[in-house]
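next come a sequence and a model predicted from it.
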There are 2 protein chains.
Amino acid sequence: MNPFDVIDETCVTQFDDCADVIVVGLGIAGACAAIEAKRAGGDVIAVERASAGGGASALSSGLFYLGGGTAVQQACGYSDDAQNMYQFMIASMGSDNAQAVRQYCDQNVEHFNWLEQQGVPFERSCYKDKAVFLMGTEGLLSTGNEKVWPYRELARPVPRGHQVTGEGESTGNAAMQPLLQVCSELGVRGYYDTRVQALITDQSGTVVGVKTQQGGDTRFLKANKGVVLATGGFAMNPDMVQLHLQGLSATAEALGSAYSDGSGIQLGVAAGADTDAMQNYIATASIYPPGQLIKGIIVNESGQRFVAEDSYHGRTAEFIAKQSNQRAFLIVDSEIFAYPEIETARHQLIDGYETIEEMEQALAMPKDALVATLNQYNTAARDGVDPDFMKHPEWLKPLDQGPYAAFYISFSQSIYLYMTLGGLKTNANAQVLNSKGIAIPGLYAAGACSAHIPKSGASYASGMSLGPGSFFGRVAGRHIMSSNEDTP
Amino acid sequence: MNPFDVIDETCVTQFDDCADVIVVGLGIAGACAAIEAKRAGGDVIAVERASAGGGASALSSGLFYLGGGTAVQQACGYSDDAQNMYQFMIASMGSDNAQAVRQYCDQNVEHFNWLEQQGVPFERSCYKDKAVFLMGTEGLLSTGNEKVWPYRELARPVPRGHQVTGEGESTGNAAMQPLLQVCSELGVRGYYDTRVQALITDQSGTVVGVKTQQGGDTRFLKANKGVVLATGGFAMNPDMVQLHLQGLSATAEALGSAYSDGSGIQLGVAAGADTDAMQNYIATASIYPPGQLIKGIIVNESGQRFVAEDSYHGRTAEFIAKQSNQRAFLIVDSEIFAYPEIETARHQLIDGYETIEEMEQALAMPKDALVATLNQYNTAARDGVDPDFMKHPEWLKPLDQGPYAAFYISFSQSIYLYMTLGGLKTNANAQVLNSKGIAIPGLYAAGACSAHIPKSGASYASGMSLGPGSFFGRVAGRHIMSSNEDTP
């Protein structure tokens, strides 16, 4: 299955080039690793499969999940701190990665400042409505589940989606350009149009280099201190997707670059690495904007609610994926109906109905099921509460202004976009771990080829790829230079 | 793999007996189902593999997880209500089963009263210290994660472990005896020493009976309204354990009766049933009693903490199972050292050490890792806080009174007892669902042969087998009698 093998150093007759650190992949994690390794005094080679750096990061919307009291948060009047951010993160994603999350939160303000120092621009302004990505240039928006119960009770909800200043959908490029510029100015040596075919290990299992191919040329590159894998996710590898993402619907569309093909994960596995959360993904076909649709209810084909409708879209998708036939409907009344705006989220209007009874029948739900759900919801909503799913009061109103409408938001019918969340297992130093939990000497990973923080779509928020990706790229670049200083 | 097949009704030449409802298994769920079906006017047959009813329930410690303001809670001065109980339950176990959990919580006081009316005795008294099971006769103790962060912030923590009045470790029998007595008085017809070999279905897939074997005699029993499977878990089936419970250590010991062999799950699957959470289990080798040991810290082989030490023992075990090599240590100082009391929980004292540095070295941890963990923990503990895992202040004290001691609490070294949590997938009516999420007509399941509420050891609490098992047994018995009243 794994097309990659590992090469024993003794089989390499001659190395063609040599550096302290070899970074594989020049997206957000690779660029940050290269900068830090270079600033720590290392000679750094970056091997990039495309003709230039950027990768999927440059194609992304440019959101970083950052907090703890950044300058943007402060300028917009939000009070956050490291402990508050940590409590939200471990409450929503569990404490599996507590040490890495602690480190991420404690050093987040420093990390934001560092990004700005490299020239990544963030405007001091905030977008207040619900959005999946911004068309304007506001520097801050709420992207996660901070205001969703139970998280709003466990940490002060503040927005943490930091939007790089730029235009259009691929604002991520506005983050990548300055970072690549810094790499260039510092003298990171780039091998472009070059793919890594294998990691090279010595007799002790330490990773000591890579075998590359550029056009017809094969090269062996020595890495005195180690290799950082930063090759992105595997959404563009159909075999891996089929093997691992079994819950994904056939209509799902992958987000990523053409090179998000999981090669870094496979390279690591060939060298003895363990993986984590390979079956997990974040999928989205948001029910907002406009925010008013959140005042509707989401039900499954039995007419039952199953998720707080004010959840982050990835969380909602995760719950939809668990329903019978992965089917779900968004039900609204005429007061909050919005069409065709919802089509931006690729959902389809089914029809309008004079009564809920009619709708229930048309949607082939069990008799009285949807009627009962609506009655219960409306009764509580008139009191401003949602005892079953604790939707925030700001999104509560009785749905009693007929006619009513239903939208398909099924996993199998709407077009859900997704990214993979699984990858190489790493520790808080970005070292890659083997199946015994022991760090493989000389091997690091960061960004989407390592398992994400968080590992599940239910606790993902926009910006949790670029945020931890950039941070742990830096961690890798620093640790690799400090950890084996006695290596020749 | 599945040794059971389903029999087509057209192949049955003659039925040997007939009833409205056939209950398979006379443990807690089966007895409650039989009582309710009988009281609703049904003719009820109970098929039991042993020579008498009781099953694993009778061997259990007799704890029911009940709340919402029961008479015992009130008598002991605790204020609980259905919404408070619901919030704790869905906060800790997620909202996958929200409808069933809502129903359980809303009707819990009624259910407690019903149990007492059947003669199940609960003393109006409370045990205040930490215990895994009681040696005394107190009727109430805290058994779950109610006081563990984040749950203590999301619902008012109250004890919900309702202990049946009785003596010794198998107090469950004090619950089963009155229930079996009621079955007998009502005229539930028992087939004992009898195993079910197959479910019988008609051409539409409706379950209409069972094929049984008793000694050398094969019988076909017709069920006009349907069959309730209540056969318990699968911990005693080595093939199923090996197939499903891959995270379980080789030293784990199964809890259950000899007949907890998963046959009901396999019977259901043969008839088209879906299963849920088959890989999950609740394991335990508690670090308490005595409660003072909770003031220690739990670390993995890297010297890192990973769980709040005041968690319910099943939650702690779930986190230990996720650590490298499933290894963990309990570290204490001389002030809280307790030995040999901890041996009741099957943990082994490793040694005592004058300093943490010595201990760290002896346990082969990375240099300074444990020292750093202790320093950080102690500094915060002196301020009465635990910012990393939010252990409750009542269990916080700096561990600075040397000498120090370490205990093995590894999954592979201590002897963990476990029960299976997975089983047939059911809805809130206790109907068994097929892989499309549709109820199989005439087939119900309750108790440990259906997937537990909750589905994971991380959110289990003592009493969550007998509590939901008895409740959904009753639900099955009532629903089966009401759902198809036009059936001849």
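Noted; the coordinates are in hand.

list the contacts of residue A:460.
Residue A:460 is in contact with A:144, A:282, A:312, A:314, A:315, A:421, A:452, A:454, counting by Cβ atoms under 8 Å, 6 or more residues apart in numbering or on different chains. C-beta: built from backbone N, CA, C; applies to glycine.

touching, the fourth one and residue A:454? I think so.
Right, the one you point to is residue A:314. No - with contact defined as Cβ atoms under 8 Å, residue A:314 does not count as touching residue A:454 (9.9 Å).

so which of the contacts of residue A:460 is the closest to residue B:211?
Distance to residue B:211, by Cβ to Cβ, is smallest for residue A:315 among those, at 45.9 Å.

from the stretch 151-300 of chain A, which residue is nearest to chain B?
Nearest residue of the stretch 151-300 of chain A to chain B (Cβ to the nearest Cβ) works out as residue A:154 at 4.8 Å.

with adjacent residues omitted, what lies nearest to that residue?
Spatial nearest neighbour of residue A:154, chain neighbours left out: residue A:91 (4.3 Å); criterion: Cβ to Cβ, 6 or more residues apart in numbering or on different chains.

pretty sure residue A:101 sits in a helix.
Yes - Residue A:101: assigned to a helix according to DSSP: H, G, I helix; E, B strand; the rest coil.

which ones are touching the residue lying closest to it once chain neighbours are set aside?
Closest residue in space to residue A:101, ignoring its immediate chain neighbours: residue A:89 at 5.1 Å, by Cβ to Cβ, 6+ apart. Residues counted as contacts of residue A:89 (Cβ under 8 Å, 6+ apart) are A:101, A:104, A:105, A:453, A:454.

the fourth one in helix, strand or coil?
The three-state label given to residue A:453 by three-state DSSP is coil.

give me the phi and psi for the closest residue to it other than its chain neighbours.
The shortest distance from residue A:453 to any non-neighbouring residue, by Cβ to Cβ, 6+ apart, is to residue A:468 (4.7 Å). As for residue A:468, its main-chain torsions (degrees, to the nearest 10) stand at phi -60, psi -30.

and the residue of the stretch 151-300 of chain A closest to chain B, backbone torsions?
Here residue A:154 shows phi and psi, under degrees, to the nearest 10, equal to phi -100, psi -10.

and the pLDDT at it?
On pLDDT, residue A:154 comes in at 95.

my guess is it contacts residue B:150, does it?
Yes - judged on Cβ under 8 Å, residue A:154 makes contact with residue B:150 at a distance of 4.8 Å.

can you work out which residues contact both of the two?
The contact sets of residue A:154 and residue B:150 overlap at A:87, A:91 (Cβ under 8 Å, 6+ apart).

for the closest residue to residue A:431 other than its chain neighbours, give me its contacts.
In space, and not counting its chain neighbours, residue A:431 is closest to residue A:439: 3.8 Å by Cβ to Cβ, 6+ apart. If you count contacts by Cβ under 8 Å, 6+ apart, residue A:439 has them with A:427, A:429, A:431, A:432, A:433.

quick one: contacts of whichever strand or helix holds the fourth one?
Element membership of residue A:432, judged by DSSP states H and E, is strand A:431-433. Residues external to strand A:431-433 that are found in contact with it (Cβ under 8 Å, 6+ apart): A:229, A:268, A:271, A:273-274, A:424-427, A:439-440, A:443-445, A:450, A:479, B:324.

same thing with stretch A:74-86?
A:67-70, A:73, A:101-102, A:105-106, A:108-109, A:124-126, A:139-140, A:155-156, A:158-160, B:387-388.

quick one: mean pLDDT for the strand holding residue A:432?
Strand A:431-433 shows a mean pLDDT of 97.

note down every partner strand of the helix or strand following it and its orientation.
Next helix or strand after strand A:431-433 toward the C-terminus (DSSP H and E): strand A:439-445. Strand A:439-445 has its sheet partners listed here by DSSP bridges as strand A:217-229 (parallel), strand A:431-433 (antiparallel).
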